[in-house]
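Visitor: fold the following, please.
(chains A and B)
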There are 2 protein chains.
Amino acid sequence: MVSHSDEGTIGDLVVSVREGKGRVSVLKRYLLTPGPTPVPDEVLLAGARGIMHHRSPEYSELFLRVVGGLKYVFQTSNDILIFSGSGTASMESAVANLLSPGDPVLIASCGNFGERWQKICATYGADATVLEYEWGRTVDPDDIERALAERDDYVALFVTQSETSTGAVNDIETIAEIVRSHPAVLVVDAVSSLGATDLETDGWGVDVVCSGSQKALMTPPGLAFCSVSPAAWALCEKAINPSFYLSWKLARAALALADPQMPWTPPVSIMLALDKALEMIEDEGLERVFVRHRILAKATREAVKALGLELFAGDDPAQSSVTSAVVPEGIDGRQVTRIMRVTYGVTIAGGQGRLDGKIVRLGHCGYFGPFDIITAVAALEMTLRQLGFDCQLGAGVSAAQRVFMEERGW
Amino acid sequence: MVSHSDEGTIGDLVVSVREGKGRVSVLKRYLLTPGPTPVPDEVLLAGARGIMHHRSPEYSELFLRVVGGLKYVFQTSNDILIFSGSGTASMESAVANLLSPGDPVLIASCGNFGERWQKICATYGADATVLEYEWGRTVDPDDIERALAERDDYVALFVTQSETSTGAVNDIETIAEIVRSHPAVLVVDAVSSLGATDLETDGWGVDVVCSGSQKALMTPPGLAFCSVSPAAWALCEKAINPSFYLSWKLARAALALADPQMPWTPPVSIMLALDKALEMIEDEGLERVFVRHRILAKATREAVKALGLELFAGDDPAQSSVTSAVVPEGIDGRQVTRIMRVTYGVTIAGGQGRLDGKIVRLGHCGYFGPFDIITAVAALEMTLRQLGFDCQLGAGVSAAQRVFMEERGW
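Guide: This is a model prediction of the structure:
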């Protein structure tokens, strides 16, 4: 996590290493975004072992252990399919494998990743009805109930659990309860929420959950997952959209072999890394993982408020993967993230799309502890002061500290 | 590359470690297949550094350096697109992004990966004419010339350079010369050949070259590549097949940003590893890399012949990635690979599909040296003897040694 910088300065501590300037420095780096997220050293090293062949009993053993670990995190006994790719690959696989051109679908969208469902569904020629919410808001389950009552031919509802672009978290439990009395299958993008926020795939009846390795699963990017319910498989049987590399049926066939495997050469290193990360999650225990995320998120929200910034997605205790703060009037959010990265070595995320420059996003999904939050908040305070914003150094940090000291669980 | 085994025995040297047996042993492992291939420690460790954010100047720098390294290996100034996935993902991306349903295409197929072109084209509803050759044979360029003369509306020709399933290598230079006077774009699967066999993308005029990280590029699996010529881009503009995660246009748009990047979260660790591997290839020099592969392949062929086995794809000096040997009458090839792996820790590949049990395949693409060949051949000799085949221990090894001593280049 330490690398050379050629740009930054913090007083006398950090000086340029650009060759020829005759100065030497190391700017220690902190990756504190909502994805990719920090990866534990144990996981990085697990991924650095020599490659094993992907058509061998050793790999089958690894593969089955990973599938088992994912079932624990997905809280499901449904099939888990693993793909080479990021979360978007799992999302596309759902659209391609569930739908045929012209199929009526409902999309509930409140940010960039809701719009991604729209774009993928449009690519595959679905007949999409979109419930659209202002970015930063959550989806209203009542609207879904009304929409499903109006038309009974929707084959699927696509929705996001944690809208990483805004920090908003949708109420999947209530949405699932509504969809249960309707023939549509429920497809949830849980890319940044899985392993950070409770998602009872079987308990709530979520047909398809899409996720990826590089968020709360504490693993480098490169693997994508879908859990698939029997109802989703039934829809898949009828779907005629083209799909090969991300084909669910081919993945299922390879899973059913005597030596279970994946249809194509998998990213073996990332599988080895994920295996280690899942072991760490099982050791911590999913309930404790969720509690940790809730406390990290609460401390971040309290810190943002103490700095006098507005929480872009409101003060919602359901938020657990990312906290977004509105950048104060007159300050360019791109400057905030740039200075934090260049001067302090702290990488947080800015706004995506229409929110570019308007919000900053502090990640806390995956391998995060209290002092990662304190680091991010401290760097944010220093940066905002540098940009002329009137906030008290330490105000956010101490608010976070108070949460960490008050809350049980540490 | 060292791991515990719970199965193997070589006399007193290797004993079981199954718990409760009270014995301890380590079976050193050798991965000598045509993919995934051995990865240098430097490359493994490069991939183990902490994740950098994929929307950062640091990543853009890495990304551009990798694209530059790939252009060197692809011998092209065409655009290079990088995808998360294995070679099959790049093949699917070509079919999806170049074709519309019903487009007439020509496929020249002489093995499992030729059949993969057929399956992908069928998935996307192409109107495919297939020139099919017996597995183990090469594609006859004259047939392509005749087929193109018969119909002038083919929009693309799909062909494999190194048919990994058989060891046969097709003459892409001659095929490219034939296709040049025809409007069809030439799409070459160079997954196991790129970086092992000469492929002059620009010099010969190959429109699209598909490849992956885990063969001659000495990198863990997880990245796929396409080079795309202007003629291929022109065809892409007209194509209406659905493509999102593997969309060429989205990849091109991200490449054109001020901070060039990939549209989706990339497998950053594999990019870091590939960056190191490409540096090693540039240091060795592409010409020397090709010479090394030709010598490794020749030594393997001579060893196979010296053991009295038949070369499945003939004694062709164009072969450079994999050598396939026919398993002697009365011996099950699956037993050969199993004993080599379990008893000796040496993993080579068996036959795929209809060749299962009938051939074995020794890899030599990527990070291979003379003593990897000697290891594979020595283990093969011992295994064949164990299975009752009458061959002289050391006969194959010494044939390989003679090649290594005679040939310049070491």
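
Visitor: contacts and neighbour counts: CA atoms only from here.
Guide: Fine.

Visitor: for A:Leu246, give me its contacts.
Guide: A:83, A:89-90, A:93 (Cα atoms under 8 Å, 6 or more residues apart in numbering or on different chains).

Visitor: try A:Ala299
Guide: With contacts defined as Cα under 8 Å, 6+ apart, A:Ala299 is in contact with A:373, A:399-404.

Visitor: taking the residues you listed together, which two end up most distant?
Guide: A:Ile373 and A:Arg402 (12.5 Å; Cα to Cα).

Visitor: among those two, which residue is more densely surrounded?
Guide: A count of neighbours by other Cα atoms under 10 Å in any protein chain shown puts A:Ile373 above the other of A:Ile373 and A:Arg402, at 24 against 14.

Visitor: which residues in the stretch 201-350 of chain A form helices?
Guide: Here the stretch 201-350 of chain A has its helices, by DSSP state H, counting those that start in this stretch, at A:230-238, A:248-255, A:268-284, A:286-306, A:333-342.

Visitor: now do the buried residues in the first one.
Guide: To tie it back to what came earlier, the one meant is helix A:230-238. A:232-233, A:235-236 (16 or more other Cα atoms under 10 Å in any protein chain shown).

Visitor: could you check the angle that helix makes with helix A:248-255?
Guide: Following axes from the mean of the first three to the mean of the last three Cα atoms, to 10 degrees, one obtains 110 degrees for the angle between helix A:230-238 and helix A:248-255.

Visitor: close to chain B, is helix A:230-238?
Guide: No: counting by Cα under 8 Å from any Cα of the partner chain, chain B is not contacted by helix A:230-238; separation bottoms out at 14.9 Å.

Visitor: only alpha carbons, please: show that helix as PDB.
Guide: C-alpha atoms of helix A:230-238 as PDB (Å, rounded to 0.1, in the frame of the first residue of the first chain):
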ATOM      1  CA  PRO A 230     -35.600 -22.100  -9.100                       C
ATOM      2  CA  ALA A 231     -38.000 -19.400 -10.400                       C
ATOM      3  CA  ALA A 232     -35.100 -17.600 -12.100                       C
ATOM      4  CA  TRP A 233     -33.900 -20.900 -13.700                       C
ATOM      5  CA  ALA A 234     -37.400 -21.400 -15.000                       C
ATOM      6  CA  LEU A 235     -37.300 -18.000 -16.700                       C
ATOM      7  CA  CYS A 236     -33.800 -18.700 -17.900                       C
ATOM      8  CA  GLU A 237     -35.100 -21.800 -19.700                       C
ATOM      9  CA  LYS A 238     -37.300 -19.600 -21.900                       C
END
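
Visitor: who touches A:Thr265 in this structure?
Guide: Neighbour list for A:Thr265: A:54, B:36, B:86, B:221 [criterion: Cα under 8 Å, 6+ apart].

Visitor: need the contact list for A:Tyr367.
Guide: Taking Cα under 8 Å, 6+ apart, one finds A:37-40, A:216, A:218 in contact with A:Tyr367.

Visitor: got a markdown table for those, with distance to A:Val326, pLDDT and neighbour count too?
Guide: Putting the contacts of A:Tyr367 into a markdown table (distance: Cα to Cα, whole Å; pLDDT from 0 to 100; neighbours: other Cα atoms under 10 Å in any protein chain shown) gives the following:
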| residue | distance to A:Val326 | pLDDT | neighbour count |
| --- | --- | --- | --- |
| A:Thr37 | 22 | 96 | 29 |
| A:Pro38 | 24 | 96 | 30 |
| A:Val39 | 28 | 97 | 26 |
| A:Pro40 | 30 | 97 | 20 |
| A:Ala216 | 24 | 97 | 31 |
| A:Met218 | 27 | 97 | 28 |
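
Visitor: tell me the two of those residues that are most distant?
Guide: A:Pro40 and A:Ala216 (11.8 Å).

Visitor: and stretch A:27-41, how far out from the chain's middle?
Guide: Relative to the chain's own centre, stretch A:27-41 is displaced by 14 Å; criterion: Cα atoms, centre = their mean, to the nearest Å.
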